[in-house]
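> here are the coordinates; sequence isn't available:
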């Protein structure tokens, strides 16, 4: 079967840096996405890595190592509004464009 | 540019009933996917529609069915509702030509089955 593992909860303080890891075992792999979801809200796209390496978008960066089946999301200069759930998701089938999601990491940012 | 909109936002049904959920995709997007998100879990892929045809299905029984219309809007139908169908149903739109894992989600329809 397919599996994506990520920590269930992470707590950090405002201004800090936090890394959310994701390891995956899937039958196909085209890329790794990250989504943010606030309580009661829609998942919103943060990043997509198809190749090994680091992608930076403002305060957020995402890393992928295909050989290790591993990726992470790095959030810098944490703000209270970053408190949300973060999901990694694998694009397994380019034809279907269906994403397989992990169970999510709940990030709590404290003052 | 309008985003993905879904209706209704909340609804309550009883076991055995049928439900139809609706989705308007983001302007210009030709592909619509539906996901089920149980409380505390990640979204699970139900199926995807492209050019008004089903273009892939996840591990969901045939009582989950859908439609896509010429304007790219979509419906999700669930027959013979079960208690385990209680979840947030998310619609996501995308452009088929973009080779990325970027989907645009609506805020979902929260279904409670009693």
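Now that the structure is in, tell me what you want to look at. This one's a predicted model, so the numbers in the text were calculated from it and none came from an experiment.

> ok, and the closest non-adjacent residue to residue B:56?
Counting by C-beta to C-beta, 6 or more residues apart in numbering or on different chains, residue B:56 lies nearest to residue A:96, which is 3.4 Å off, once chain neighbours are set aside. For the C-beta atoms, the positions are set from N, CA and C on the backbone; glycine is no exception.

> Show the pLDDT at that neighbour.
Residue A:96 carries a pLDDT score of 73 in this model.

> what number of residues lie near it?
Applying other C-beta atoms under 10 Å in any protein chain shown, we find 19 other residues in the vicinity of residue A:96.

> By residue count, tell me the biggest strand in chain A.
Using DSSP state E to assign secondary structure, the strand with the most residues in chain A is strand A:84-93.

> Now do the buried residues in stretch B:86-97.
For stretch B:86-97, the neighbour count (16 or more other C-beta atoms under 10 Å in any protein chain shown) marks B:86-95 as buried.

> Show residues contacting it.
A:42-43, A:97, B:4, B:6, B:21, B:23, B:25-26, B:28-39, B:43, B:50, B:72, B:74, B:76, B:102-106, B:108-113 (C-beta atoms under 8 Å, 6 or more residues apart in numbering or on different chains).

> Which positions in chain A make contact with chain B?
A:4, A:30-33, A:35, A:40-45, A:48, A:50, A:87, A:89-91, A:93-104 (C-beta under 8 Å from any C-beta of the partner chain).

> Buried members of the contacts of stretch B:86-97 into PyMOL, please.
Selection of buried members from the contacts of stretch B:86-97 for PyMOL, criterion 16+ other C-beta under 10 Å:
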select buried, (chain A and resi 42+43+97) or (chain B and resi 4+6+21+23+25+26+29+30+31+32+33+34+35+36+37+43+50+72+74+76+102+103+104+105+106+108+109+110+111+113)
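
> out of the contacts of stretch B:86-97, which are inside strands?
B:6, B:21, B:23, B:31-37, B:50, B:74, B:76, B:104-105, B:109-113.

> would you list the buried residues of stretch B:86-97 in JSON lines and tack on distance to residue B:10, pLDDT and secondary structure?
Below are the buried residues of stretch B:86-97 laid out as JSON lines (distance: C-beta to C-beta, whole Å; pLDDT from 0 to 100; DSSP: H, G, I helix; E, B strand; the rest coil):
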{"residue": "B:86", "distance to residue B:10": "12", "pLDDT": "98", "secondary structure": "coil"}
{"residue": "B:87", "distance to residue B:10": "12", "pLDDT": "98", "secondary structure": "strand"}
{"residue": "B:88", "distance to residue B:10": "10", "pLDDT": "98", "secondary structure": "strand"}
{"residue": "B:89", "distance to residue B:10": "11", "pLDDT": "98", "secondary structure": "strand"}
{"residue": "B:90", "distance to residue B:10": "14", "pLDDT": "98", "secondary structure": "strand"}
{"residue": "B:91", "distance to residue B:10": "15", "pLDDT": "97", "secondary structure": "strand"}
{"residue": "B:92", "distance to residue B:10": "19", "pLDDT": "95", "secondary structure": "strand"}
{"residue": "B:93", "distance to residue B:10": "21", "pLDDT": "92", "secondary structure": "strand"}
{"residue": "B:94", "distance to residue B:10": "25", "pLDDT": "88", "secondary structure": "strand"}
{"residue": "B:95", "distance to residue B:10": "30", "pLDDT": "82", "secondary structure": "coil"}
